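Q: Need a 3D model of the following:
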Amino acid sequence: MLKKPTYKLFGERAILIEWEAVMSEVIIQDIIQFEELIIKVKSAELEDSIIGYHSLMLIYKEVPSKTEIEELQTLYQSKSAAIKTESTLWEIPVCYDTQFGVDLEELTKGLQLTSEELIQKHCSTIYNVFFIGFLPGFLYLGGLEKCLHFPRKATPRLQVPKGSVAIGGSQTGIYPQQSAGGWNIIGNTPISLFDVHKETPCFAKSGDKIQFVPISLFEYEKITAQKEDYQITKTLLHD
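A: Predicted structure coming up:
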């Protein structure tokens, strides 16, 4: 059974709501539903809301009233299981060529898999977007098969190329821009995950799904040449 969240003041104008500290699709869906209900009821009072693995931060325009936490608790109790949320399954093309997958050999040896087995397993899973952070557009994904879990690097790289697809511990993800990073790089996507000039800078949101689709080096270069004309394949899902 899903445990009730806890509430506490966080600074002068924020309230932090926390669920059980585990990565869970049930929990993230509960957070998303509660956030939608809060925004529906209290949008005029809120400046922002931020989702984490098992938390929801509400930032208010003004100092919230002394009864705000009680109001939120009552609102949570009124939340109906019939609330429906929409999510999107995004298919992300990835080239696993060795010129991109600089850590593939290390992972195949450590995991005792062939590169073909590793790629097949990495692409066969539909991942959950838990939240977006670390870098603008960096998707924290849950659902990586246990047989692909691999420790982060003891010494992070100073420069991880934009679009790098990597494994770090029990997670997989994509670097939306060049940055330092300690995850193990297994491929690269030619698409851009974050564009500040777009109305929606990051195409995905918490609760969405991601599936990686393997492409050849030729296909990678073709998509790269298309630039903004390339459209990510997506499927609308209903919970």
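Q: A strand includes A180, no?
A: Yes. Under DSSP: H, G, I helix; E, B strand; the rest coil, A180 sits within a strand.
Q: okay, now it: neighbour count?
A: 11 (other CB atoms under 10 Å). Every C-beta, even on glycine, is put in place using the N, C-alpha and C of the backbone.
Q: Tell me if I'm right that it and P161 touch.
A: No. With contact defined as CB atoms under 8 Å, A180 does not count as touching P161 (11.7 Å).
Q: Against I59, how distant is the residue of the chain most remote from its centre?
A: Distance from the C-alpha centroid of the chain peaks at K66, with 33.5 Å (CA atoms, centre = their mean). Going from K66 to I59 by CB to CB, to the nearest Å gives 18 Å.
Q: Kindly report the same for F218.
A: 47 Å.
Q: of the two, who's got more company?
A: I59 (15 against 9).
Q: Check the offset of the lengthiest strand in the chain from the chain's centre.
A: In the chain, taking DSSP state E as the definition, the longest strand is strand 86-95. Distance of strand 86-95 from the chain centroid (CA atoms, centre = their mean, to the nearest Å) equals 11 Å.
Q: Following the chain past it, name the next helix or strand.
A: Sequence order places helix 104-111 as the next helix or strand after strand 86-95, per DSSP states H and E.
Q: Just the CA coordinates for the helix or strand following that next one, please, in PDB.
A: Later in the chain than helix 104-111, the nearest helix or strand by DSSP H and E is helix 115-124. Presented in PDB, the C-alpha positions along helix 115-124 are these (Å, rounded to 0.1, in the frame of the first residue of the first chain):
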ATOM      1  CA  SER A 115      28.100  -5.700 -27.300                       C
ATOM      2  CA  GLU A 116      25.200  -7.000 -29.200                       C
ATOM      3  CA  GLU A 117      23.600  -8.400 -26.100                       C
ATOM      4  CA  LEU A 118      24.200  -5.200 -24.200                       C
ATOM      5  CA  ILE A 119      22.600  -3.100 -26.900                       C
ATOM      6  CA  GLN A 120      19.700  -5.400 -27.300                       C
ATOM      7  CA  LYS A 121      18.900  -5.300 -23.600                       C
ATOM      8  CA  HIS A 122      19.400  -1.600 -23.400                       C
ATOM      9  CA  CYS A 123      16.900  -1.000 -26.200                       C
ATOM     10  CA  SER A 124      14.300  -3.600 -25.100                       C
END
